[in-house]
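Q: Take this sequence and fold it.
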Amino acid sequence: METQYDNLAEIYDYEWKELKEDIDFIIEYAKKCGSPILELAAGTGRITIPVAQQGFEIYGIDNSKKMLEIGMRKLEKLPEKVASNIKFIEGDMTDFSLEKKFKFIFVPFNSFLLLITKKAQEECIRKIHKHLDKNGIFMVDTFSPNFKLCAEEKSDIRFLRHFYYPPENKTIIQWEYVERNMAEQVMSIDFLYEAYDKGGNFSRFVRHLDMAIIFRFEMQMMLEKNGFEIINLYGSYDKSEFTNKSSQMIYICKKT
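A: Next comes the predicted model:
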């Protein structure tokens, strides 16, 4: 079955090329916890591969076949010593069963919010709890809802970024349009792309994502209800304290 990220797979690594601030943070916890490590929503291996390059055994689960195919192509270019540390698995982060416990499990870059129902969110947390070593660490990163934006039912079309797409020798300009249903706590996002080649020719395409909106204490209650204790809550990857101005909520948890 096609997923929302199948349509984003080919441009994903170029679109998010500058996103690196979470990698050092995650590697730091990998060093504290050790192998094996489990990443949910591993995608094309943006984080998986740098972790493996540090010598850790890491499993990466994702439900997008196309994202994982790109990740597997990357493995072919890695030294065997690094590639052998990585196990990519196609699967759903609400329903997986692996025959081992992990010392560190993480869900990076708002990926947990792709689970738009409370049922799916809790199923995922329970699976993580089942697979986490008794002394292991679980990390989940979600954006902190901005109350001003939450009050905005429909956004303006906003410019996000531009990036170069080498496979087609094109520059792509990306825009965003968001509708929010606060009764369901779901945001419906359309990413609008304009792709230009050197001759000035251009094409347009649209990609869609649905993401949950989860507030701080809502997440805390969900974690505690399903067997976790929050050790730290950071507002960014520089480990700054979470405040009402923080853009991220980074939860560091252990089993109760």
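Q: How is the chain divided into domains?
A: 6-144+214-255, 147-212 (automatic domain parsing).
Q: Single out the most deeply packed of the ones you listed.
A: When you average the neighbours per residue for each of those (mean count of other CB atoms under 10 Å), domain 6-144+214-255 leads with a mean of 18. All C-beta atoms are positioned from the backbone trio N, CA, C, and that covers glycine.
Q: element containing the residue of the chain positioned farthest from its centre?
A: Most distant residue from the mean C-alpha position of the chain: residue 199, 35.5 Å away (CA atoms, centre = their mean). Using DSSP states H and E, residue 199 sits in no helix or strand.
Q: State the distance from it to residue 169.
A: Separation of residue 199 from residue 169 (CB to CB, to the nearest Å): 10 Å.
Q: got it, and residue 116?
A: 36 Å.
Q: what packs against the helix or strand bottoming out on mean pLDDT in the chain?
A: Across the helices and strands of the chain, mean pLDDT, DSSP states H and E gives its lowest value to helix 147-150, namely a mean of 84. The elements that helix 147-150 packs onto, with contact taken as 3 or more CB pairs under 8 Å, 6 or more residues apart in numbering; DSSP states H and E, are strand 170-181.
Q: quick one: contacts of the strand it packs on?
A: With contacts defined as CB atoms under 8 Å, 6 or more residues apart in numbering, strand 170-181 is touched by 11, 14-15, 149-150, 152-165, 186-197, 213.
Q: which stretches of this protein form helices?
A: Taking DSSP state H as the test, the helices found in the chain are 9-15, 21-33, 48-53, 65-75, 80-83, 118-131, 147-150, 216-225.
Q: need those helices in JSON lines with distance to residue 2, can you?
A: Output for the helices of the chain, formatted as JSON lines (distance: least, CB to CB, whole Å):
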{"stretch": "helix 9-15", "distance to residue 2": "11"}
{"stretch": "helix 21-33", "distance to residue 2": "27"}
{"stretch": "helix 48-53", "distance to residue 2": "22"}
{"stretch": "helix 65-75", "distance to residue 2": "8"}
{"stretch": "helix 80-83", "distance to residue 2": "27"}
{"stretch": "helix 118-131", "distance to residue 2": "18"}
{"stretch": "helix 147-150", "distance to residue 2": "29"}
{"stretch": "helix 216-225", "distance to residue 2": "28"}
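Q: mind checking which of those helices is nearest residue 103?
A: Each of the helices of the chain has some distance to residue 103 by CB to CB; the shortest is helix 21-33, at 4.3 Å.
Q: Which elements pack onto the closest one?
A: helix 48-53, strand 102-107, strand 132-143.
Q: For the ones you listed, give me TSV that also has mean pLDDT and distance to residue 60.
A: Listed next are those as TSV, based on pLDDT from 0 to 100; distance: least, CB to CB, whole Å:
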stretch	mean pLDDT	distance to residue 60
helix 48-53	98	4
strand 102-107	98	10
strand 132-143	98	15
